[in-house]
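> Got a predicted structure here, sequence first:
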Amino acid sequence: MKRFYPTIMPAVLAALVGCSTCEEVPGYLGCMDPPGDNVLRVAWPGDPAGLDPTRYTEDIAWRAARMLFEGLLTLTPEGRLSPGVADVWMANEEATRYEFHLRPDARWSDGVPVTAGDFVFAWRRVLDPAVGAESAGNLHHLLGARAITAGEADLASLGVTAQGDHILVVELESPDPSFAFRVTLPAFYPVPRHVVEHDYESWPGGSAPVGNGPFVLEVWRPRDRLIVRKSESYWNREAIQLAGAIFYPITDANAVMNFYRSGELDWARQGTVPPDRAKQLLAEESAELRVSSMHAVYYLECNTQRPPTDDPRVRRALELTVPRAEIAQLIFGSGQRPSRHLVNTEMTDWMPPEILPGDLQEARRLLAEAGYPGGEGMDEIEYIYSQSELHASVAEYLQGVWARELGIEVRLTVLEFQAQLARARQGDFHLSRSGWLADLPDPYDYLKIFQTGNENNDTGWSDARFDELIRQSRSETDPAQRYRMLSEAERILLDNVVIVPILHNAGVQLVRPYVSGIRPSAGDIVDWTDVRIDPEWRP
């Protein structure tokens, strides 16, 4: 899923400033009064794109989905499978047919039972071209899914059937031993058929969605706050200890730290902690700073259809000149690793492809060969990015490097995150700041987004061999051979300089000592049954 970060909103400032009267505690970051109402106060980097759990691919929408809804199975923060709506599941020997048995006590927040038919309805709807869900590609493993999204088959032809209310049978287009992990993704969540069928394309609109997760929505005021409270109909409600949570869309680095220090926040989630402050706290070994590895990459997308970035020599010149180590250390500085690869090179058993060598002299030679010696004759190129102090620092740093070393003039355009997304989708850019948090710890989940026609591929690039390798990898049951296919696919992507990888990210968060249960997670997963606030905590 893509990551986009907007800026702090005035309404949030008005809501938070001046609310605290507690005194700072030596040895800690400011005030340390646990909230007396058992409601967790959280900074997160922007508003979700929407509250329909099945439609979106960006990370903030997924965070909201995992609070308000639940799928057949769930992932623990460590990446292990755990029961969700289904308490029993099984697959045939070929891993082409899966069967899920739903727990009879699963309920929607309006008290209506969750049924296998809700899943059938939801998955068909995700694939329906009339709905246009950007997450439809996640379901292309299902038998008949591709023909449906292409408008070549009826929704009823999808290989998913309900055997009564509590058994869901799933047929796949090819073997997939990892499919049980895939159903943990929000694209596979159910939606309440008895509600959505009356508002099929635009549900939930401006109203609070009927969900089946551990929390229900109380308030969502975009650019201000999102408030949830504990669901009384959730099957595992006794394990949920929080009364609720308030999420503030804040990415202004200084504001986050000010609110945290003044006691207005209990948790500053990934994407909100200022890098310079994180570096300082890391050096001080602050107990409130949490740093963990992430299945996430920070990169630039190249528009391969718009001059001059349609020329791979220009793209390679830009790529070879990026000072990755300096960006990772000087701008980020909290455990991020510089890399020219898309896929996390530390993934277990993964063999990353070799990347074409080169240096600054090679970059200058390629630029001259493309007809732009020293940048002469090249119109300025446009680099778009979403509002964030961090993204601005990277963009300005690269702007200076490319002007100094290559003579290339770069125009920086900062946009609100939805506006940047729209511009990228339209191909209205040369370079676009992007990032990807892999759905699962699998190279496929990095590489799939650059397939021809994938809704997240804004580069305009298409390669038949790359597409075929990705397709073959989905049905390859030999893990070693599958990884060889995916490594070759990444080599093709990088050789064509479709993207400019910069670094592999780290999860940086601030968590109060009176909050427990927020564990390191490379996949940005929270187990809400673990999260506690200790109202009696004292330093």
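Ah, there it is. Residues are numbered from 1 along each chain as shown.

> quick one, strands of the stretch 101-250 of the chain?
Taking DSSP state E, counting those that start in this stretch as the criterion, the stretch 101-250 of the chain contains strands spanning 160-162, 167-171, 215-221, 225-230, 244-249.

> now swap in the stretch 351-500 of the chain and tell me
Remark: strands assigned in the stretch 351-500 of the chain by DSSP E, counting those that start in this stretch are 381-386, 410-415, 431-437, 499-511.

> returning to what we had before: of the strands of the stretch 101-250 of the chain, which is nearest Q472?
The closest of those to Q472 is strand 167-171. By Cβ to Cβ, the value is 19.7 Å. Using the backbone N, CA and C atoms, a C-beta is placed for each residue, glycine as well.

> which stretches of the stretch 51-200 of the chain have low pLDDT?
Along the stretch 51-200 of the chain, the model assigns pLDDT under 70 to no residue.

> According to the record, where do the domains of this structure fall?
As recorded under automatic domain parsing, the domains making up the chain are 1-17+30-69+213-288+512-539, 70-198, 294-506.

> what about the nearest residue to V515 once chain neighbours are set aside, how many neighbours?
Counting by Cβ to Cβ, 6 or more residues apart in numbering, the nearest residue to V515 once its immediate chain neighbours are dropped is D266, at 5.4 Å. Neighbour count of D266, defined by other Cβ atoms under 10 Å: 22.

> cool, and A208?
15.

> Show me the beta-bridge partners of the closest residue in space to it that isn't next to it in sequence.
Nearest residue to A208, sequence neighbours excluded (Cβ to Cβ, 6+ apart): L217, at 4.2 Å. For L217, the beta-bridge partners are V228 (DSSP bridges).

> Looks like L217 contacts S207 (just checking).
No. Counting by Cβ atoms under 8 Å, S207 is not a contact partner of L217; they are 9.1 Å apart.

> Tell me how far D110 lies from A64.
19 Å (Cβ to Cβ, to the nearest Å).

> Now do the same contact list for M90.
By Cβ atoms under 8 Å, 6 or more residues apart in numbering, the residues touching M90 are 98-99.

> For it, give the beta-bridge partners.
Using DSSP bridges, the bridge partners assigned to M90 are E99.

> likewise V297?
W436, H504.

> wait, what's in contact with it?
V297 makes contact with 339, 342-344, 435-436, 446, 501, 503-505, according to Cβ under 8 Å, 6+ apart.

> let's go with 6 Å and repeat that
Listed by Cβ atoms under 6 Å, 6 or more residues apart in numbering, the contact set of V297 reads 342, 436, 504.

> okay if I get those as JSON lines plus distance to E301, pLDDT and neighbour count?
As requested, the contacts of V297 are exported to JSON lines (distance: Cβ to Cβ, whole Å; pLDDT from 0 to 100; neighbours: other Cβ atoms under 10 Å):
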{"residue": "L342", "distance to E301": "11", "pLDDT": "97", "neighbour count": "24"}
{"residue": "W436", "distance to E301": "10", "pLDDT": "91", "neighbour count": "23"}
{"residue": "H504", "distance to E301": "17", "pLDDT": "95", "neighbour count": "24"}
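
> Identify, from those residues, the entry nearest to H101.
Nearest to H101 out of those is W436 (Cβ to Cβ; 33.6 Å).

> one step back: looking at the contacts of V297, which is nearest Y98?
Within those, the smallest distance to Y98 is 26.6 Å, found for W436 (Cβ to Cβ).

> rewinding a little: among L217 and S207, which residue is more densely surrounded?
Set side by side, L217 and S207 show more neighbours around L217, with 22 against 12, by other Cβ under 10 Å.

> separation between the more buried one and A106?
Taking Cβ to Cβ as the measure, L217 falls 19 Å from A106.

> what's the answer for W235, then?
5 Å.

> can you check L185 too?
Using Cβ to Cβ, we find L185 at a distance of 18 Å from A106.

> again, but for T57
Per Cβ to Cβ, T57 is found 25 Å from A106.

> now V322
Computed as Cβ to Cβ, the V322 to A106 distance reads 49 Å.

> what does S475 give?
32 Å.

> One more: S462?
42 Å.

> which residues sit in contact with G84?
By Cβ under 6 Å, 6+ apart, the contact list for G84 reads 70-74.

> just D110 next, same as before
D110 sits in contact with V210, where contact means Cβ under 6 Å, 6+ apart.

> Give me the phi and psi for it.
Main-chain dihedrals, D110, degrees, to the nearest 10: phi -90, psi 10.

> and if you look at R41?
With angles defined as degrees, to the nearest 10, R41 sits at phi -110, psi 120.

> Run a quick neighbour tally on the residue nearest to V273 when sequence neighbours are not counted.
Distances taken as Cβ to Cβ, 6+ apart put V508 closest to V273, at 4.9 Å, once the chain neighbours are dropped. By other Cβ under 10 Å, the residues close to V508 number 28.

> In the sheet, which residues pair with V508? Tell me.
Going by DSSP bridges, V508 is paired in beta bridges with V291.

> pretty sure it is touching K279, no?
No. Using Cβ atoms under 6 Å, V508 is not in contact with K279; the gap is 9.7 Å.

> hang on, the earlier thing: ok, so of the contacts of V297, who is nearest M351?
If you rank those by distance to M351 using Cβ to Cβ, L342 comes first, at 14.1 Å.

> Helices of the stretch 251-400 of the chain, start to end?
Secondary structure of the stretch 251-400 of the chain by DSSP state H, counting those that start in this stretch: the helices cover 253-261, 275-283, 312-320, 324-326, 360-369, 389-406.

> name the helices or strands packed onto the shortest one?
Secondary structure elements in contact with helix 324-326, counted by 3 or more Cβ pairs under 6 Å, 6 or more residues apart in numbering; DSSP states H and E, are absent; no helix or strand qualifies.

> if you set the cut-off to 10 Å instead, what comes out?
strand 337-338, strand 499-511 (3 or more Cβ pairs under 10 Å, 6 or more residues apart in numbering; DSSP states H and E).

> what's the closest non-adjacent residue to A368?
G374 (7.5 Å).

> likewise R340?
I355 (5.1 Å).

> got the contact list for that neighbour?
For I355, the contact set (Cβ atoms under 10 Å, 6 or more residues apart in numbering) comprises 319, 339-341, 490-491, 494-495, 501.

> A PyMOL selection for the residues you listed, restricted to the buried ones, would help me check which they are.
Here is the PyMOL selection string for the buried members of these, based on 16 or more other Cβ atoms under 10 Å:
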select buried, resi 319+339+340+341+490+491+494+501
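
> For the contacts of I355, work out which two are farthest apart.
Pairwise distances across the contacts of I355 peak at 16.0 Å for S339 and D495 (criterion: Cβ to Cβ).

> follow-up on the earlier one: need the residues touching each of W235 and A106.
Common neighbours of W235 and A106, counting by Cβ under 10 Å, 6+ apart, are 70, 84-85, 87, 114, 212.

> Just among the residues you listed, which is most surrounded?
Neighbour counts for the shared contacts of W235 and A106, by other Cβ under 10 Å, peak at N212, which reaches 30 neighbours.

> My read is that that residue contacts E70, right?
Yes. Using Cβ atoms under 10 Å, N212 makes contact with E70 at a distance of 5.5 Å.

> Find the residues that touch each one of these two.
Shared contacts of N212 and E70 (Cβ under 10 Å, 6+ apart): 53, 84-85, 106, 114, 189-190, 231, 234-235.

> Closest one of those residues to V394?
Nearest to V394 among the shared contacts of N212 and E70, with distances taken as Cβ to Cβ, is P53, at 31.1 Å.

> now the closest one, nearest residue through space, not along the chain?
In this structure, P53 finds its nearest non-sequential neighbour in A65, 3.6 Å apart by Cβ to Cβ, 6+ apart.
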